[in-house]
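Visitor: sequence first, then the predicted structure, then my questions.
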Amino acid sequence: MVHQYSSQSRLSPSGYEEDIRAVLAPRLAYFEAVARHEHVTRAAHELGVPQSTLSRAMVRLEQDLGVALFARRGRTVSLTPAGRTFLGSAERALAEVEKAADSVRADADPTAGKVAFGFLHTMGSETVPALIRAFRADHPKVRFQLVQNYGEAMIERLRAGGLDLCLTSPVPDAPDLVAMRLDEQRLRLVVPDDHRLAGRRRIRLAEAADETFVTLEPGYGLRRITDDLCAEAGFTPRVAFEGEEAETLRGLVAAGLGVALLPPPAVARPGVVELTVTAPRAAREIGVAWLDGHPDTPPVAAFKRFLLSRRGSLLPD
């Protein structure tokens, strides 16, 4: 049988990717099997499709490309030069699909899958390592892809599909997210150890209205909380430095650059005194967030259940 091919391809002349995918992708495995066996019937048997279906698919593929891929002798075929060129790319494409399938199956494996987990910088030195250690006691082979960032950046990454869960503060309130409060962390006013207030144990935040503050950059949850608490105390803080990491701020306080509202440190730092703020109530809520309506893989579901079981005891004593 002789097949005629138009010199004009049926694919979009401007090469739109959606046209190419729609026409070629479903037929690549068929083409690769026929090329490997050089026999339509044997390829059809391997694929589990009727021989006539496979033959028609190959004819349509050649017509869509406008190129003869096979020289035919009955049900026996051999590749043309164009067919050999196309086969190399088809094999690479199919290998990539198989690799992607293996990867997502591995990530969803209940015992050895992957959890993409984001958390705040201030949670990184003690809280998150302790959580992962406790979780892995029962799930030792689960893998973690960890991202440490500030809250807004993690939420955007969550929405983009780069994270399964994130531990953040404040607890977000958005229609596309599910967010659950897990714990609360008291904030302290940190002052240099030679500061006029260093001899105090407690302080009303309004008493620091004339102080210079060092804070996190705008966009960080702790910066928003700091601004809100100062506003509630009746003043706008004068800011000498905006940073990205709480322990850097604590070091700058020790150097005398200013004061700061910070969560407790993992390890006490020399050169500073940490005062309990009595008014307004200085605390931040810590919560876990995920995209609403997105199904969880088994390892993500297990870690989510674990985090929710730690309500009220998330943070170390």
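Guide: In hand now; what should we look at? Numbering: from 1, shown residues only.

Visitor: use CA for all of it now, contacts and neighbours both
Guide: Noted.

Visitor: which residues of the stretch 201-317 of the chain score low on pLDDT?
Guide: Scanning the stretch 201-317 of the chain for pLDDT under 70 picks out 317.

Visitor: 50 - rerun?
Guide: Nowhere does the stretch 201-317 of the chain drop to pLDDT under 50.

Visitor: so what's the residue count around the residue nearest to A233 when sequence neighbours are not counted?
Guide: Distances taken as CA to CA, 6 or more residues apart in numbering put A206 closest to A233, at 5.1 Å, once the chain neighbours are dropped. Using other CA atoms under 10 Å, the number of residues around A206 comes to 17.

Visitor: same deal with E96?
Guide: Using other CA under 10 Å: E96 sits among 12 other residues.

Visitor: which of the residues in the host helix or strand of M180 are buried?
Guide: Element membership for M180, per DSSP states H and E: strand 177-186. Using 16 or more other CA atoms under 10 Å as the test for burial, strand 177-186 gives 177-185.

Visitor: and for stretch 298-312?
Guide: In stretch 298-312, residues buried by neighbour count (16+ other CA under 10 Å) are 298-300, 302-304, 307, 311.

Visitor: and what of stretch 108-126?
Guide: 108-123.

Visitor: ok, stretch 121-140 next?
Guide: 121-123, 128, 131-132, 135, 139.

Visitor: helices - which of those land there?
Guide: 128, 131-132, 135 (DSSP state H).

Visitor: now, which of those residues sits nearest T168?
Guide: V128 (11.6 Å; CA to CA).

Visitor: please read off the pLDDT at that closest one from the model.
Guide: Here the pLDDT value assigned to V128 is 96.

Visitor: begin at 2 from now on, thanks
Guide: Got it, first residue is 2 now, which makes that one V129.

Visitor: what sits against it?
Guide: With contact taken as CA atoms under 8 Å, 6 or more residues apart in numbering, V129 is in contact with F120.

Visitor: paired strands for the strand holding M181, with orientation please.
Guide: strand 284-292 (antiparallel) (DSSP bridges).

Visitor: could you export the next helix-or-strand element following the strand it pairs with as CSV, keeping only the C-alpha atoms?
Guide: Counting by DSSP H and E, the next helix or strand C-terminal to strand 284-292 is helix 299-310. Provided in CSV are the C-alpha atoms of helix 299-310 (Å, rounded to 0.1, in the frame of the first residue of the first chain):
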residue,chain,number,x,y,z
PRO,A,299,0.1,9.9,52.0
PRO,A,300,3.3,11.4,53.4
VAL,A,301,1.9,14.9,53.4
ALA,A,302,-1.3,13.8,55.0
ALA,A,303,0.7,12.0,57.7
PHE,A,304,2.9,15.0,58.5
LYS,A,305,-0.2,17.3,58.5
ARG,A,306,-1.9,15.0,61.1
PHE,A,307,1.3,15.1,63.1
LEU,A,308,1.5,18.9,63.1
LEU,A,309,-2.2,19.2,64.1
SER,A,310,-1.6,16.8,67.0
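
Visitor: what is the neighbour count of W291?
Guide: Once other CA under 10 Å is used to define contacts, W291 is seen to have 21 neighbours.

Visitor: tell me how far it lies from P281.
Guide: Applying CA to CA, to the nearest Å, one obtains 30 Å for the distance of W291 from P281.

Visitor: again with G163
Guide: Distance from G163 to P281, by CA to CA: 37 Å.

Visitor: still on that earlier bit, put the alpha carbons of the strand holding M181 into CSV.
Guide: The C-alpha trace of strand 178-187 is given here as CSV (Å, rounded to 0.1, in the frame of the first residue of the first chain):
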residue,chain,number,x,y,z
LEU,A,178,-6.0,28.6,52.1
VAL,A,179,-6.7,26.4,55.1
ALA,A,180,-4.9,27.7,58.1
MET,A,181,-4.9,26.2,61.6
ARG,A,182,-3.6,27.8,64.8
LEU,A,183,-1.0,25.6,66.5
ASP,A,184,0.5,27.6,69.3
GLU,A,185,1.3,31.0,70.6
GLN,A,186,4.7,32.6,71.3
ARG,A,187,5.2,35.5,73.7
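
Visitor: list the contacts of the nearest residue to G257 once chain neighbours are set aside.
Guide: Among residues not flanking G257 along the chain, P193 sits closest, at 5.9 Å (CA to CA, 6+ apart). Neighbour list for P193: 199, 254-257, 259-260, 272-274 [criterion: CA under 8 Å, 6+ apart].

Visitor: can we see that at 6 Å?
Guide: Applying CA atoms under 6 Å, 6 or more residues apart in numbering to P193 gives the contacts 254-255, 257, 272-273.
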